[in-house]
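K.L.:
what shape does this take:
(one chain, ligands or ions: 1)
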Amino acid sequence: MVTRELGDVIPVPAEVRPDAAVDFAIDSGTSISAAPGLEQVADYLVAVLRPATGFELAINSGAGAIALAVDPELGSESYRMDVSSQRIVLTGGDPAGVFYAVQTLRQLLPVEIYADSAQQADWIVPGGVIVDRPRFSYRGAMLDVARHFFTVDEVKTYLDALVQFKINHLHLHLTDDQGWRIDIESWPKLTALSGGDGTGVDGLGGGCYSKGDYEELISYAEKLFVTIVPEIDMPGHVNAVQVAYPELTADGVAPMPRTDMEVGYSSLVAGKDETYAFADDVIREMAALTPGPYLHIGGDEAQATTAEDYRTFIVRVLPLVTKYGKRPIGWHEMAAVDLPTAAVAQFWRIEEADEGTARAAARGNKIIMSPADKTYLDMRYAADTRPGLEWAGLIDVKTAYGWEPAERLPGVGEEALLGVEAPLWSETLRSLTDAETMTFPRLPAIAEIGWSPRDSRDWESFRARLAEYGPRWRQQGIAFHPSPEIDWP
Ligand code: ACM
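P.N.:
Numbers count the residues shown, from 1 in each chain. Coordinates of the predicted model:
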């Protein structure tokens with residue numbers, strides 16, 4: 001009995017051609033084969049199938065019943081899935097594409113597949129062909145580990161949940177007024193004084209990553225084809241920096257540590273040489289630790305910096321990022337200056353237009369779309385749901401799904417977009433369960449906008465596919481908000 005249909009996938013695939021006459025049954029004799037370079041993806045496939053099926057699923061070098069292959073002609077991150085009664089062939093344009101085919105395959109199996117012990121189920125994969133490719137190369141999520149610290153294990157669990165929806169970037173907001181969450185050797189007091197217990201919002205949720213912790217996260221993410229994007233927020237959001245290093249304040253006096261939720265009160269000093277020595281060291285160390293191409297320098301809500309000082313600061317700091325071999329990303333306020341072509345602006349506001357972002361797009365800069373009234377996962381679902389904030393509005397699932405990134409800002413069309421990102425700020429979060437509850441089921445909406453063809457957007461179809469994910473999250477122990485818009489089974 002087939003429990004799934006070939007198109008029951010989030011994000012919805014580009015092309016689906018079901019053929020119910022050729023369903024494939026995974027059984028105790030099913031073997032797996034992997035072309036060279038796909039050994040790790042094959043191991044991942046076995047790791048997600050073996051516990052619940054109880055089958056060995058031996059990996060052999062011949063022609064396995066489930067075959068993993070690469071055909072570069074398909075394109076980066078793209079894949080093709082051919083399911084016949086004899087065989088399943090998962091062909092990626094590259095290993096990432098094969099990994100996404102595996103994610104699609106998981107979603108096509110019965111819900112019991114997520115169990116960690118052997119289950120009785122018919123492991124039927126619906127027959128037919130899927131040909132699928134991403135709309136955008138940047139499909140991101142952001143986790144604020146500054147306001148509430150998340151441990152390495154918690155971030156790994158979060159990543160495991162994200163990649164099921166073909167998210168490929170995790171932006172870590174590592175620093176803010178309350179705390180500093182990553183060891184910097186040349187400025188050791190950042191974490192010694194501002195990274196410990198009690199430095200999260202309300203004096204809770206502190207902590208920090210050693211360089212080893214951060215490298216462990218990077219390598220875990222790499223195996224899931226996720227690029228980590230570290231953010232060091234400057235010139236505002238720096239009270240924790242100035243607590244540790246008072247020489248980075250205007251008057252040389254250390255401010256009091258703060259764990260309230262105010263923003264826009266702290267600033268580095270644009271006219272001091274120490275500011276740029278600090279920025280250079282931090283960017284150099286973060287660039288050396290980070291294999292991905294991007295380094296995010298923040299740049300948001302610098303209300304305590306004059307407009308002239310802000311421009312001075314951004315103009316001096318952007319070249320430091322390129323000097324150390326990285327491509328700068330900043331919140332869109334940084335588009336107040338003429339950006340170098342490599343720089344990426346991340347739009348986050350709720351206004352209908354933004355002159356700076358449009359100007360950056362016209363100059364050839366790429367834009368990441370994170371409008372707060374659609375993509376901010378820290379906004380409440382409804383007036384009576386907790387946790388969450390509501391300054392950008394209430395965001396139910398239909399709102400998160402119902403917008404078009406290429407039409408969000410005048411002057412910022414499809415060709416200007418690098419992609420989309422759903423940020424999760426953590427002022428009101430106290431646990432991974434809180435983070436998951438805010439992320440699901442809205443993240444899948446943003447993931448579908450980022451991956452699926454623009455003309456495939458269909459709320460009723462999404463709603464029906466999403467409903468089936470409720471039992472899947474339950475089976476995996478992932479918390480989610482049971483939005484009343486969805487007919488959860
Ligand atoms: C932001 O929400 N301050 C980027």
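
K.L.:
against the ligand, how distant is the residue most central in space within the chain?
P.N.:
Nearest to the mean C-alpha position of the chain, by CA atoms, centre = their mean, lies Ala141 at 2.3 Å. Distance, Ala141 to the ligand, using CB to the nearest ligand atom, to the nearest Å: 14 Å. C-beta here means a position set from N, CA and C on the backbone, and glycine is covered the same way.

K.L.:
likewise Leu204?
P.N.:
In terms of CB to the nearest ligand atom, Leu204 sits 21 Å off from the ligand.

K.L.:
just give the nearest non-adjacent residue to that residue, would you?
P.N.:
Excluding the flanking residues, the one nearest Leu204 by CB to CB, 6 or more residues apart in numbering is Arg430, at 6.6 Å.

K.L.:
may I ask which helix or strand encompasses that neighbour?
P.N.:
Per DSSP states H and E: Arg430 is located in neither a helix nor a strand.

K.L.:
how much space between the residue nearest to the centre of the chain and Leu49?
P.N.:
Ala141 sits 25 Å away from Leu49 when distances are taken as CB to CB, to the nearest Å.

K.L.:
do Ala254 as well
P.N.:
55 Å.

K.L.:
looking at the two, which one has more neighbours?
P.N.:
When neighbours are counted by other CB atoms under 10 Å, Leu49 comes out ahead of the other of Ala254 and Leu49, with 22 against 16.

K.L.:
doesn't Ile113 make contact with the more buried one?
P.N.:
Yes. Between Leu49 and Ile113 there is a contact under CB atoms under 8 Å: 7.1 Å.

K.L.:
next secondary structure element downstream of the strand or helix carrying Ala96?
P.N.:
In this assignment (DSSP H and E), Ala96 forms part of helix 95-108. Scanning forward in sequence from helix 95-108 by DSSP H and E, the next helix or strand is strand 124-125.

K.L.:
could you say what helices and strands that next one packs with?
P.N.:
Contact partners of strand 124-125 among helices and strands, from 3 or more CB pairs under 8 Å, 6 or more residues apart in numbering; DSSP states H and E: strand 24-25.

K.L.:
what residues does the strand it packs on touch?
P.N.:
65, 83-88, 122-125, 127 (CB atoms under 8 Å, 6 or more residues apart in numbering).

K.L.:
for stretch 98-118, measure first residue to last.
P.N.:
Criterion CA to CA, to the nearest Å; first-to-last residue distance in stretch 98-118 is 25 Å.

K.L.:
meant to ask about stretch 414-433
P.N.:
First residue to last in stretch 414-433 (CA to CA) measures 35 Å.

K.L.:
quick one: distance of it to the chain centre.
P.N.:
Chain-centre distance of stretch 414-433: 7 Å, with CA atoms, centre = their mean, to the nearest Å.

K.L.:
which positions within it qualify as buried?
P.N.:
By neighbour count on 16 or more other CB atoms under 10 Å, the buried set for stretch 414-433 is 416-429, 432.

K.L.:
flag the shaky bits of the protein, pLDDT-wise.
P.N.:
1-3 (pLDDT under 70).

K.L.:
interface residues of it facing the ligand?
P.N.:
Neighbours of the ligand within the chain, by CB under 6 Å from any ligand atom: 300-301, 331, 348.

K.L.:
now render these as JSON lines, adding secondary structure and neighbour count.
P.N.:
Converted to JSON lines, the residues of the chain next to the ligand look like this (DSSP: H, G, I helix; E, B strand; the rest coil; neighbours: other CB atoms under 10 Å):
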{"residue": "Asp300", "secondary structure": "coil", "neighbour count": "20"}
{"residue": "Glu301", "secondary structure": "coil", "neighbour count": "16"}
{"residue": "Trp331", "secondary structure": "strand", "neighbour count": "24"}
{"residue": "Trp348", "secondary structure": "coil", "neighbour count": "23"}
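
K.L.:
how about those residues in JSON lines, adding distance to Thr290?
P.N.:
Output for these, formatted as JSON lines (distance: CB to CB, whole Å):
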{"residue": "Asp300", "distance to Thr290": "20"}
{"residue": "Glu301", "distance to Thr290": "24"}
{"residue": "Trp331", "distance to Thr290": "19"}
{"residue": "Trp348", "distance to Thr290": "22"}
